[in-house]
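Q: Return atomic coordinates for the entry below.
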Amino acid sequence: MFSLLKRLFSGGGAAETGPNTRDPNRLRRLRGDGEFSVKAAGTSHYQAELAAVKGGFRKHSNPDFLLDVVPEPTNPHDANALQLQHDGTLVGYIPAFMTSEVHDALSRVGQEGQRCRVLARIVGHDKASLGLRLNMQRPARF
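A: Got it, this is the predicted structure:
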């Protein structure tokens with residue numbers, strides 16, 4: 001109630017920056033289903049990078065973390081490729097069967113060709129290679 005009165009009588013000061021306002025520079029996050037059922041592609045090529053990410057977590061923990069989803073239109077194998085990056089480092093890709101869904105979701109919210117984020121989990125701690133599971137709904141949406 002107070003914020004409504006403040007807006008009505010404030011006389012047009014600075015833009016509101018409360019919890020319900022959206023920062024235009026903030027990346028949108030893909031909605032998840034809680035299952036982490038989507039297996040990231042290409043992780044076998046980024047084992048050192050995944051080990052470095054994993055090394056930043058406490059032993060015996062399996063925390064979920066955000067990855068940037070970055071369009072890679074110059075990819076020689078797939079112009080719709082979407083990189084998965086952690087702090088600017090490539091660690092895998094959105095699987096090819098889902099890239100059009102993510103591109104469509106970005107288009108629906110006016111963010112075509114832009115970055116977004118996805119919740120991820122490292123898997124395979126006791127195996128020879130690490131992988132990534134992504135918390136994504138099908139079809140992809142924000």
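
Q: so who does R138 touch?
A: For R138, the set of contacting residues under the criterion of C-beta atoms under 8 Å, 6 or more residues apart in numbering consists of 33, 98, 101. Where you see a C-beta, it was placed from the backbone N, CA and C, and this is true even at glycine.

Q: Could you check how far it is from E101?
A: According to C-beta to C-beta, to the nearest Å, R138 and E101 sit 7 Å apart.

Q: Could I get the buried residue list for the longest helix along the chain?
A: In terms of residue count, the longest helix belonging to the chain (DSSP state H) is helix 96-108. Buried residues in helix 96-108, counted by 16 or more other C-beta atoms under 10 Å: 98-99, 101-103, 105-106.

Q: Please save the CA atoms from stretch 68-85 in CSV.
A: Taking Å, rounded to 0.1, in the frame of the first residue of the first chain, the C-alpha atoms of stretch 68-85 are listed here in CSV:
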residue,chain,number,x,y,z
ASP,A,68,25.1,-19.0,-19.3
VAL,A,69,23.5,-20.2,-22.5
VAL,A,70,25.3,-18.4,-25.3
PRO,A,71,24.3,-18.5,-29.0
GLU,A,72,27.1,-19.6,-31.3
PRO,A,73,25.9,-18.8,-34.9
THR,A,74,29.3,-19.3,-36.3
ASN,A,75,29.5,-22.9,-35.2
PRO,A,76,30.6,-24.9,-38.3
HIS,A,77,28.5,-27.9,-37.4
ASP,A,78,25.3,-26.2,-36.3
ALA,A,79,24.4,-22.5,-36.8
ASN,A,80,21.7,-22.9,-34.0
ALA,A,81,24.3,-24.2,-31.5
LEU,A,82,24.0,-22.9,-27.9
GLN,A,83,27.1,-23.0,-25.7
LEU,A,84,27.0,-23.6,-22.0
GLN,A,85,29.5,-21.3,-20.2
